[in-house]
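Colleague: Okay, predicted coordinates and the sequence, questions at the end:
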Amino acid sequence: MTFRRLLVSAAIATALAAGPAIAKDWKEVRIGTEGAYPPFNTLTSDGKLEGFDIDIANALCDEMKVKCTFVTQDWEGMITALKANKYDAIIASMSITDERKQEVAFTNKYYSTPPALVVPTGSTLTEATPASLKGKTIGAQASTTFANYVEEKFPDANLKLYPTAEEYKLDLQNGRLDGAVDDVVVIDEWVKGKDGTCCKIVSTLPVDPAIFGEGIGIAIRKGDTDLVEMFNKAIAAIRENGTYKKINDKYFEFDVYGD
């Protein structure tokens, strides 16, 4: 047998041995979340996870008839940990963007809300424009679409990045920032919790699909297409059977699913 034929035979044998990809029998799904982004996901003082993301995750797992376990993970390491098999899905208010799609797969969206600019109560800022924010120090959580938004839309502002949303909030209320950009729901809850004594929302900001993508989805390893399909069916089901609305109304006064 020639060397060429040996190589061909070896290649065929390897392909046959590998065979088609076998779908996993999903009885348990490990879910990664941050635990530092209220009201979507947060850790209570006694170490319990709660929030909209958590309730939605539990509802989806109930619909899929699988056991849910949660793993907390710092935001900036979320996708890396997913690819390293630390968990099977990310449910942590992650935007579906083209950049992230290069690394992971996404389900359909499970909510979509606009960004907003928040400033200290005594601020003279009345609008969010490139001119009004020129030279201003604006905070945002690192590795988020909100940070990308400030960088793209307000190029003359001084962008300051933070590992968590809680850290930019602390700097904002202590006068070390001129403003910050985040999800309007996150900001609104925080401002209300401070009784308006700390900060105020200037305005919501136009949603740019090139930055914010297709809404908030569940990130899954690219090879787990069966899990993507399971989650998509479950998202549609809880929207249809009223479970989504019940969870939505627990946290918000409007439908965060969007158009």
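Modeller: Thanks, I have the structure now. What you see is a predicted model, and the numbers here were worked out from it, not measured in a lab.
Colleague: wait, what's in contact with Ile187?
Modeller: Shown in contact with Ile187 (C-beta atoms under 8 Å, 6 or more residues apart in numbering): 116, 118, 180, 201. Using the backbone N, CA and C atoms, a C-beta is placed for each residue, glycine as well.
Colleague: now for those residues, which pair is the farthest apart?
Modeller: Ala180 and Ile201 (10.5 Å; C-beta to C-beta).
Colleague: Between the two, point out the one with more neighbours.
Modeller: Applying other C-beta atoms under 10 Å to Ala180 and Ile201 shows that Ala180 carries more neighbours, namely 27 against 15.
Colleague: related to what we said a few turns ago, residues in contact with both of Ala180 and Ile201, list them for me.
Modeller: Counting by C-beta under 8 Å, 6+ apart, the shared contacts of Ala180 and Ile201 are 117-118, 187.
Colleague: and the end-to-end length of stretch 165-185?
Modeller: Its start and end residues considered, stretch 165-185 measures 13 Å (C-alpha to C-alpha, to the nearest Å).
Colleague: What residues of it count as buried?
Modeller: Buried residues in stretch 165-185, defined by neighbour count with 16 or more other C-beta atoms under 10 Å: 165, 167-169, 172-173, 177-185.
Colleague: What segments of the stretch 101-250 of the chain are strands?
Modeller: Counting by DSSP state E, counting those that start in this stretch, one finds strands in the stretch 101-250 of the chain at the ranges 105-106, 115-120, 137-141, 158-162, 179-183, 199-204, 216-220.
Colleague: can I get those strands in a markdown table with distance to Val191 and mean pLDDT?
Modeller: Output for the strands of the stretch 101-250 of the chain, formatted as a markdown table (distance: least, C-beta to C-beta, whole Å; pLDDT from 0 to 100):
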| stretch | distance to Val191 | mean pLDDT |
| --- | --- | --- |
| strand 105-106 | 30 | 98 |
| strand 115-120 | 7 | 96 |
| strand 137-141 | 15 | 98 |
| strand 158-162 | 18 | 98 |
| strand 179-183 | 11 | 98 |
| strand 199-204 | 5 | 95 |
| strand 216-220 | 21 | 98 |
